[in-house]
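Q: Show me the folded form of this:
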Amino acid sequence: MNTILADYSVSISEFKKNPAQVLREAGEMPIAVLSHSCPTFYMVAPKVFEAMLEELADRDLTALVKQRLSRRDSAIEVDIDAI
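A: Sure thing, here's the model as predicted:
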C-alpha cells in the first residue's frame, strides 16, 4: 500500500458522485483521491498550488545562487555607480 500524503481522503467513486461536495468538505486541506485504497491523484486549492509553485521557484533560485557563489573567484568586480 502507498503512503497517503493528505489528511483528507475520498474514494474515486465517491469523488465522481459529487466533486463539489468533496471540495466543500475538505475546505483548504489537500485531498487524496483513492482507487483500491491507493492514491490516484491529489487535489489542492488554487491558493495551496500557487504556494507550492512559489516554493519550488525559490528552491531553484537558491540552487542557482549557491552555484554562482561557488564561482566567486572568477567574478568580475563592477562599480554599481558606473553602470
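Q: what about the strands in the chain?
A: Counting by DSSP state E, the chain has strands at residues 8-11, 31-35, 38-43.
Q: Show me where the chain dips below the pLDDT cut-off.
A: Scanning the chain for pLDDT under 70 picks out 1.
Q: Compute the distance between the residue most central in space within the chain and Met29, please.
A: Nearest to the geometric centre of the chain sits Met52, at 3.0 Å (Cα atoms, centre = their mean). Separation of Met52 from Met29 (Cβ to Cβ, to the nearest Å): 14 Å. C-beta here means a position set from N, CA and C on the backbone, and glycine is covered the same way.
Q: next one: Met43
A: 10 Å.
Q: how many neighbours does Ala26 have?
A: 19 (other Cβ atoms under 10 Å).
Q: Excluding covalently adjacent residues, which one is nearest to it?
A: In this structure, Ala26 finds its nearest non-sequential neighbour in Tyr8, 4.6 Å apart by Cβ to Cβ, 6 or more residues apart in numbering.
Q: Who are the contact partners of the one you found?
A: Glu25, Ala26, Met29, Pro30, Ile31, Ala32 (Cβ atoms under 8 Å, 6 or more residues apart in numbering).
Q: So among those residues, which ones count as buried?
A: The neighbour count (16 or more other Cβ atoms under 10 Å) marks Ala26, Pro30, Ile31, Ala32 as buried among the contacts of Tyr8.
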